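Student: Below are the sequence and a predicted model; questions follow.
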Amino acid sequence: MTLGKSHYHQSVVSAFNYSKEFAGFINGLKEDKINVAAHSLGNLVVGAAVHDNDINKIDNYFAVNAAVLLEAYGDVAIADGMLNVHPVM
């Protein structure tokens, strides 16, 4: 099996499809506030779940190596030290 562009694009479709189930899981938790960490396309799952559903219990969200542009989250204020930018050599 060869993994390539079609594999990535199918993963994007799967992430959008899974976001509703993820939202149901999050909304079903008994805690009032939670922390969420996601990696890579998992951030697409979280972002779509928050955007498309009524999720208001996420207190902190950690996007690790996100495969989603920061601008996709709307107007975002960047705090000092939030992004580490290394100059290209």
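Tutor: On my side now, so go ahead.

Student: Find the helix or strand that Y18 is a member of.
Tutor: Assigned by DSSP states H and E, Y18 belongs to helix 5-28.

Student: Which helix or strand lies directly C-terminal to that helix?
Tutor: strand 34-39.

Student: May I have the strands that pair with that following strand, each with its orientation?
Tutor: Sheet pairing of strand 34-39 (DSSP bridges) gives strand 58-64 (parallel).

Student: Quick one: distance of the partner strand to the chain centre.
Tutor: 8 Å (Cα atoms, centre = their mean, to the nearest Å).

Student: what's the model's confidence in that strand, averaged?
Tutor: Mean per-residue pLDDT for strand 58-64: 91.

Student: who's in contact with it?
Tutor: For strand 58-64, contacts defined as Cβ atoms under 8 Å, 6 or more residues apart in numbering pick out I26, K33, I34, N35, V36, A37, A38, H39, S40, N43, V46, V50. The way it works is simple: take the backbone N, C-alpha and C, and place the C-beta from them, glycine included.

Student: Just the buried positions in the helix holding Y18, please.
Tutor: Across helix 5-28, burial judged by 16 or more other Cβ atoms under 10 Å covers A15, Y18, S19, F22, A23, I26.
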